[in-house]
Each structure stands twice: as C-alpha cells, then as structure tokens.
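*Asks:* this is a predicted model, with the sequence first.
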Amino acid sequence: MPYHFIPRAVKISAIKLHERELLDLDTILDVMEMSCSTFFHVQNLWRKTGNIISPKASLRGCLQTLNYDDVQYLLVLIEQNPNYFLDELLYLLTTNRFISVHYTAVHHALERAGVSRKRLKKITYE
C-alpha cells in the first residue's frame with residue numbers, strides 16, 4: 001500500500017473500534033485505508049504513551065513557524081522599508097513579536113507570500 005497521510009482522528013478511531021471490538025481488524029484496516037503494520041505501530045504508541053505520535057517525532061523540525069499574522073507583519077515591514085536584510089527582519093521579529101526562527105524560515109515565508117527581488121525593486125522605485 002503506498003504511503004498516504006492518515007489523520008490523527010482516524011488513527012484514534014481505528015484503535016478505539018478495535019479495543020471495543022466493534023469491528024474486526026480486517027474491516028477496520030480496509031475502511032480506514034491503513035496497513036496492518038501502521039495500525040500496530042500506532043496501537044503500540046497509544047498503549048505506551050497515550051498518544052499516537054512518537055515523542056521523537058515531535059522534536060523534529062522548527063521549534064516555531066511563522067503564522068499568518070507574523071507574515072503580515074513582515075510584509076508591512078518590507079512595504080515600509082524594502083531594503084531590510086533578512087537578519088534585520090529576524091531582529092525585528094525577535095524584539096517586536098518575540099519569535100525566534102531561522103532566517104531560512106523567514107525567506108521561505110516571504111517567498112510563499114510572493115515577495116521577490118523583482119517586487120522589492122518595484123516597491124523601492126515607488
């Protein structure tokens with residue numbers, strides 16, 4: 001079975017259906033589109049930790065990402081001064097919004113928001 005994302009609620013539902021013996025395991029796996037190994041992995045985590053997400057998995061990635069308001073704040077800063085460098089934007093995020101992220105997170109957020117060098121030059125000329 002190819003990999004696909006299984007939402008948290010679906011995994012918990014599968015475990016509870018099996019624990020309460022409401023459906024047999026084959027039916028649960030078929031309806032939930034879950035492999036047998038995934039089910040038993042999730043069930044093992046559930047029994048050990050009370051959660052379906054491994055504690056190790058929660059430590060991966062960025063500690064904090066930029067939300068919509070943070071990106072809007074960056075866009076306002078860029079609108080006011082298009083000559084800001086990423087390190088200056090990071091400093092302003094840290095001091096004004098109390099957010100500590102890597103400069104690549106800021107760069108990627110601005111890219112997703114459609115900010116490019118070309119757009120910055122256009123803002124500067126205006």
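*Replies:* Good, I have the coordinates.

*Asks:* enumerate every residue touching the residue positioned nearest the centre of the chain.
*Replies:* By CA atoms, centre = their mean, the chain has its centre lying nearest to residue 65, at 7.6 Å. Residue 65 makes contact with 101, 105, according to CB atoms under 8 Å, 6 or more residues apart in numbering. The way it works is simple: take the backbone N, C-alpha and C, and place the C-beta from them, glycine included.

*Asks:* cool, residue 15 as well?
*Replies:* Counting by CB under 8 Å, 6+ apart, residue 15 has contacts 39, 42-43, 46, 52.

*Asks:* out of those, which is nearest to residue 110?
*Replies:* Nearest to residue 110 among these is residue 52, at 34.0 Å by CB to CB.

*Asks:* and the closest one, how close does it get to residue 12?
*Replies:* Going from residue 52 to residue 12 by CB to CB, to the nearest Å gives 6 Å.

*Asks:* show me where the protein has its helices.
*Replies:* Counting by DSSP state H, the chain has helices at residues 8-19, 25-32, 36-49, 68-80, 86-92, 103-112, 117-125.

*Asks:* let's have those in JSON lines, adding mean pLDDT.
*Replies:* Output for the helices of the chain, formatted as JSON lines (pLDDT from 0 to 100):
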{"stretch": "helix 8-19", "mean pLDDT": "90"}
{"stretch": "helix 25-32", "mean pLDDT": "92"}
{"stretch": "helix 36-49", "mean pLDDT": "90"}
{"stretch": "helix 68-80", "mean pLDDT": "88"}
{"stretch": "helix 86-92", "mean pLDDT": "88"}
{"stretch": "helix 103-112", "mean pLDDT": "83"}
{"stretch": "helix 117-125", "mean pLDDT": "63"}
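
*Asks:* pLDDT value on the residue nearest to the centre of the chain, please?
*Replies:* Looking at residue 65, its pLDDT reads 73.
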